[in-house]
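Colleague: Just need the structure, nothing else, for what follows:
(one chain, ligands or ions: 1)
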Amino acid sequence: MFRFEHEWGISRPRDAGPRVVGRIIALGPNTKGLAVGQRVGVGWFSGSDMHCHQCLSGNHHPLPQGQATIIGHRGGFASRVRTHWAWPSPLPEKLNFAEAGPLLCGGITVFNPLAMHAKPTDRVGIIGIGGLGHMAVKFAAAYGSM
Ligand SMILES: [Zn+2]
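Modeller: Numbering: from 1, shown residues only. Model (predicted):
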């Protein structure tokens, strides 16, 4: 039986599926860099105000007031997900959708710090080899930092 924790006080039983992968079926008139039929994914956030300094600088991902993909929405369990064009990540045709899901949450969580703070000639330490740590080790090894 499913036990619903409700730890944050904002969840409901249907709030699940924060990593969404699929193909674009429609685009708004001002969309840039995306095409109908393109494979994309969105993670925890799928929108933001897109007019503050942080959003306009292209650094909208760590914005604390971003629109969550599942809070108040059905996330990956919806038949369609609407997102601002700046939020979906294009996915290569050869990447299996099931393998893309973890990259949109734990993957980006550990990839960003490596991309921002490590160079291929650096050595990095990764503490904790669970889901995130496992991906961090793989990214660091591919980057040449292990
Ligand atoms: Zn903003």
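
Colleague: Please make it C-alpha for all contacts and neighbour counts, starting now.
Modeller: Noted.

Colleague: And stretch 27-43, end to end?
Modeller: End-to-end span of stretch 27-43 (CA to CA, to the nearest Å): 19 Å.

Colleague: Give me the neighbour count for residue 51.
Modeller: Per other CA atoms under 10 Å, the neighbour tally for residue 51 reads 9.

Colleague: what secondary structure does it sit in?
Modeller: Of the three states, residue 51 takes coil under DSSP: H, G, I helix; E, B strand; the rest coil.

Colleague: Can you report phi and psi for it?
Modeller: Backbone torsions for residue 51, taken as degrees, to the nearest 10, come to phi -130, psi -10.

Colleague: Need the pLDDT of it.
Modeller: pLDDT, the model's per-residue confidence, is 90 for residue 51.

Colleague: And it, how far from the ion?
Modeller: The gap separating residue 51 from the ion is 5 Å, by CA to the ion, to the nearest Å.

Colleague: which one is residue 23 nearest to, not counting chain neighbours?
Modeller: Nearest residue to residue 23, sequence neighbours excluded (CA to CA, 6 or more residues apart in numbering): residue 39, at 4.4 Å.

Colleague: How much space separates the one you found from residue 74?
Modeller: 20 Å.

Colleague: Would you mind telling me which of those two has the busier surroundings?
Modeller: With neighbours defined as other CA under 10 Å, residue 39 and residue 74 compare such that residue 39 has more, 20 against 17.
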